[in-house]
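J.: Sequence and predicted model, in that order:
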Amino acid sequence: MRIATWNVNSVRARLERLLPWLTERQPDVVCLQETKCVDEMFPRDEIEDVGYQVALSGQKTYNGVAILSKKPIEDVTLGFGIERFDGEARVIAATIEDVMVLNCYVVNGQEVGHERYDYKLEWLAALRDFIVERFPMDEKVCVCGDFNVTFDDKDVYNPDRWRGRILCSAPERKALMGLCETGLEDGLRKFHPQGGVYTWWDYRRRGFENGDRGLRIDHHLLSGPAMAACTGVEVDREARAGKKPSDHAPVIATFA
DNA sequence: ATGGTCGCGGAGCGA
């Protein structure tokens, strides 16, 4: 089984990249973030026509998450079940075969010290509680998505420039490590311990085209049984190149 | 170089 995570930055704007990518790569499960549309506007028919079932938590203009799967999607839940956080469509969980999947679009946080930065840290604490309550670590668990946090400087093309800033601040990294303390492990890092592997490049400074100036903020966090079955985690850089790409590349985890 | 480019929605905000 292969499970991909991809922040598509609008599923409708990205459909001409998403559909051929699904057809060529044939991942079993795809966790999408920033779909940016209500459920009625989601291109469900087009995606079903290339062989995927769809589970959705949509929202107008901002946020929005979805799970696409070739196999039946069971036990779908939306949000944390906490009113304070569930007004933004950032969380969808489901079980596919023997894998419990949790797809997250973590709050960006704007900048360190901003109101949204504090909200981001609270949101990550709520995510940790949700994982502890709902995801038994003796099962195959895959918590993936856009976490909007780097683990450490190995995930940053220019650590000096980013030191202490949003996506790289110590409190954010502590919160990301806190998720792992529930029994999860950074899947990609196990296969790329040297770092320097990125998943997001800023449109503005043409970070992808100009010298691979990226950050790794999209992750697969895997339970022990999931990690034991995992044979690789790779970034699909081809999907970030070419015409009308998302600013994020997909990340694909393969399981035996 | 505190800039720059996207997407949404139809101006300015979020990323």
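T.: Looks like it came in fine.
J.: Contacts only, for the residue in the stretch 1-150 of chain A positioned nearest to DNA strand B.
T.: Here the residue of the stretch 1-150 of chain A nearest DNA strand B is A:S10; by CB to the nearest atom of the strand that distance is 3.1 Å. No exception for glycine: its C-beta is placed from N, CA and C like everyone else's. A:S10 is in contact with A:34-37, counting by CB atoms under 8 Å, 6 or more residues apart in numbering.
J.: which bits of the stretch 151-256 of chain A sit near DNA strand B?
T.: The stretch 151-256 of chain A comes close to DNA strand B at residues A:203-206, A:244, as judged by CB under 7 Å from any atom of the strand.
J.: go with 10 Å
T.: Neighbours of DNA strand B within the stretch 151-256 of chain A, by CB under 10 Å from any atom of the strand: A:161, A:165-167, A:200, A:202-207, A:209, A:217, A:243-248.
J.: Just the buried ones from those residues?
T.: Buried members of these, counted by 16 or more other CB atoms under 10 Å: A:166-167, A:200, A:207, A:217, A:245-248.
J.: Tell me the helices and strands packed up against the host helix or strand of A:L19.
T.: Here A:L19, judged by DSSP states H and E, is contained in helix A:15-25. Packing partners of helix A:15-25 (3 or more CB pairs under 8 Å, 6 or more residues apart in numbering; DSSP states H and E): helix A:44-49.
J.: Taking the buried ones among the residues of the stretch 151-256 of chain A next to DNA strand B, tell me the two that lie furthest apart.
T.: Farthest apart among these by CB to CB are A:I166 and A:P245. That separation is 22.3 Å.
J.: any idea how far A:K174 lies from A:F151?
T.: 11 Å (CB to CB, to the nearest Å).
J.: A:Y62: neighbouring residues, count only.
T.: When neighbours are counted by other CB atoms under 10 Å, A:Y62 registers 11.
J.: who touches it in this structure?
T.: Contacts of A:Y62 by CB under 8 Å, 6+ apart are A:34, A:36, A:88.
J.: Can you add secondary structure and neighbour count and give those back as JSON lines?
T.: Shown next, in JSON lines, are the contacts of A:Y62 (DSSP: H, G, I helix; E, B strand; the rest coil; neighbours: other CB atoms under 10 Å):
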{"residue": "A:E34", "secondary structure": "coil", "neighbour count": "23"}
{"residue": "A:K36", "secondary structure": "coil", "neighbour count": "22"}
{"residue": "A:E88", "secondary structure": "coil", "neighbour count": "16"}
